[in-house]
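Novice: I would like the atomic coordinates for the input below:
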Amino acid sequence: MSFIRYRATLVLALLWLGCAEEDRRFAAPANTFKTYRSALASGDSETAWLCLSDTYQRLEYNDDVERWKVFLQGDGVSQAAEISRLEIGTETEINDRLAFLQFEPSTVSPGRTPFYYFLQEADGWKITSHLDSMFRVELETAIEKGEFQLPILQR
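Specialist: Below you'll find the predicted structure:
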């Protein structure tokens, strides 16, 4: 009888560990963005890479972290400076798979988008692009389900 109780306790302990606290860095789109911005500011390319969605990593960098590091040493320097100025205005979770941040207009450089897009992956919310095919499929699905409506621009 004690062996069965021991096994049951072990199983419960393993389940509890498996449900241990999620990585707070990616628990919400704003958390992911702040982690990304902090990583870029401190030169932590590994953590910044973890903030990007799998499909974005493939789309932009051919799933090659070294290409990412080269980018950060070149154009990434100016991008990090721009990102450091961004202040979150609105965080919108469209559904459990899709979200976006809209930044305060006064903090966005001219010619830059005021949005960052996010996909929910197994390990949390990750930054992606509106060109990401997975993002587009998820957005189309959300629109079809009535979870999101594209804004109508007034002229």
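
Novice: so where do the strands sit in the protein?
Specialist: Counting by DSSP state E, the chain has strands at residues 88-93, 98-103, 115-121, 124-128.

Novice: partners of the second one, with directions?
Specialist: It refers to strand 98-103. Note on strand 98-103: by DSSP bridges, its sheet partners are strand 88-93 (antiparallel), strand 115-121 (antiparallel).

Novice: now that strand, how far from the centre of its chain.
Specialist: 10 Å (C-alpha atoms, centre = their mean, to the nearest Å).

Novice: now it and strand 124-128, what's the angle there?
Specialist: If you take axes from the mean of the first three to the mean of the last three C-alpha atoms, to 10 degrees, strand 98-103 sits at 60 degrees to strand 124-128.

Novice: with just CA atoms, put strand 98-103 into PDB.
Specialist: C-alpha atoms of strand 98-103 as PDB (Å, rounded to 0.1, in the frame of the first residue of the first chain):
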ATOM      1  CA  LEU A  98      -3.500  36.500 -31.800                       C
ATOM      2  CA  ALA A  99      -2.700  39.900 -30.300                       C
ATOM      3  CA  PHE A 100      -1.200  43.300 -31.100                       C
ATOM      4  CA  LEU A 101       0.300  46.300 -29.400                       C
ATOM      5  CA  GLN A 102      -0.400  49.800 -30.500                       C
ATOM      6  CA  PHE A 103       2.200  52.400 -29.400                       C
END
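
Novice: ok, and what's touching that strand?
Specialist: For strand 98-103, the external contacting residues (C-beta atoms under 8 Å, 6 or more residues apart in numbering) are 29-30, 33, 86-94, 114-120, 125, 135, 138-139, 142, 148. (Each C-beta comes from the backbone N, C-alpha and C, glycine too.)

Novice: please repeat the previous calculation with a cut-off of 10 Å.
Specialist: Contacts of strand 98-103 with the rest of the structure, by C-beta atoms under 10 Å, 6 or more residues apart in numbering, involve 28-30, 32-33, 83, 85-94, 108, 112-120, 125, 127-128, 130, 134-135, 137-139, 141-142, 147-148.

Novice: okay, the strands of the chain, which one's buried deepest?
Specialist: Scoring the strands of the chain by mean neighbour count under mean count of other C-beta atoms under 10 Å gives strand 124-128 as the most buried, with a mean of 23.
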